[in-house]
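Undergrad: Just to be clear, the model below is a prediction. Sequence and coordinates:
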Amino acid sequence: MKIILLGAPGSGKGTQANYISHNYNIPHISTGDMLRKQINQKTKIGEEIKHLISKGKLVPDNILFLLIKSRIKEKDCQNGFLLDGFPRTLSQGIYLKKNNIKIDIVLNFHVPKNILIERIIGRMIHLPSGRLYHNKFKPPKKEGIDDITGEQLTHRKDDNLSSLDYRFLEYKKKTIPLIKFYIREKKIGNLNYYKIEGLNDIKQINNLIKKILQK
Ligand code: AP5
């Protein structure tokens, strides 16, 4: 099963991706996590993109194509994968189609902007694993500490109001056309597309996704 998660920043893609990946045993491929890893490891790509990510700008397609191409060739992707954060532009969607990477399901998370801001500002992350928390909606057992490893949680550098504004603009300008593309793909029977009401709580959305994936 090949699944794509679409949605604005903070709409819950990463949270639900962790659930799907764990329950359906398919790898969770988050381009945001992959790019942050490049930055943390101070690779050539990381040095090139760190200023873009901190400002909330999109990273150029050629870098994404390179990373995605090599990741989905890995053995664990043979039975499918879950793409979180890729594609997010029309050109990235067309890249998958042109390379005959056949997608089964697109889940598009819809959440109003005022809610997204609260979610992002309260988000905490365990960087080595990508585990996500929220100070109000999904607090760790011990404040500021990862439940599993006992290590410190951090805030993402791009989780601030000025970078968020830019991320929302990028989403409107570049991801909305991609959503329209997938709605057309559904109409011609190339894949299944579902709009998910991301306002519901995390468990309710888990259950809804479970029903969709059982179809
Ligand atoms: P990326 O890391 O993908 O960030 P994003 O798309 O902005 O999405 P987020 O990770 O912020 O949100 P999310 O939807 O995963 O929400 P989450 O589950 O964490 O990308 C970062 C940057 O990398 C981009 O800005 C860009 O520069 C670059 N990049 C990445 N991919 C790229 C691409 N393809 N092309 C070009 N550039 C690219 O939830 C948020 C918070 O809310 C959490 O704290 C969570 O606990 C909480 N929460 C989640 N669901 C609920 C709920 N239902 N109710 C209450 N709280 C909830």
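TA: That came through fine. Residues are numbered from 1 along each chain as shown.
Undergrad: Around the ligand, pick out the residues from the protein.
TA: Neighbours of the ligand within the chain, by CB under 6 Å from any ligand atom: 7, 9-15, 31-32, 35, 52-53, 56-59, 64, 85-86, 88, 92, 119-120, 123, 132-134, 137-138, 158, 167, 198, 201-202, 205. For glycine as for every other residue, the C-beta is placed from the backbone atoms N, C-alpha and C.
Undergrad: what about burial for those, which qualify?
TA: Buried residues within the residues of the chain next to the ligand, defined by neighbour count using 16 or more other CB atoms under 10 Å: 7, 9-15, 31-32, 35, 52-53, 56-59, 64, 85-86, 88, 92, 119-120, 123, 132-134, 138, 158, 167, 198, 205.
Undergrad: Can you tell me the element the residue of the chain found nearest the ligand falls in?
TA: Using CB to the nearest ligand atom, the closest approach of the chain to the ligand is made by residue 32 at 1.9 Å. Secondary structure from DSSP states H and E places residue 32 in helix 31-40.
Undergrad: Okay, buried residues for that helix please.
TA: For helix 31-40, a neighbour-count test (16+ other CB under 10 Å) marks 31-39 as buried.
Undergrad: Equivalent analysis for stretch 19-34, please.
TA: 19-21, 26-34.
Undergrad: I'd like those written out as JSON lines, with pLDDT added.
TA: Output for the buried residues of stretch 19-34, formatted as JSON lines (pLDDT from 0 to 100):
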{"residue": "19", "pLDDT": "93"}
{"residue": "20", "pLDDT": "95"}
{"residue": "21", "pLDDT": "95"}
{"residue": "26", "pLDDT": "96"}
{"residue": "27", "pLDDT": "97"}
{"residue": "28", "pLDDT": "96"}
{"residue": "29", "pLDDT": "97"}
{"residue": "30", "pLDDT": "96"}
{"residue": "31", "pLDDT": "97"}
{"residue": "32", "pLDDT": "95"}
{"residue": "33", "pLDDT": "92"}
{"residue": "34", "pLDDT": "95"}
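Undergrad: So which of those residues is the closest to residue 177?
TA: residue 31 (18.1 Å; CB to CB).
Undergrad: hang on, the closest one packs against residue 87?
TA: No. When contacts are counted by CB atoms under 8 Å, residue 31 is not listed as touching residue 87 (9.1 Å).
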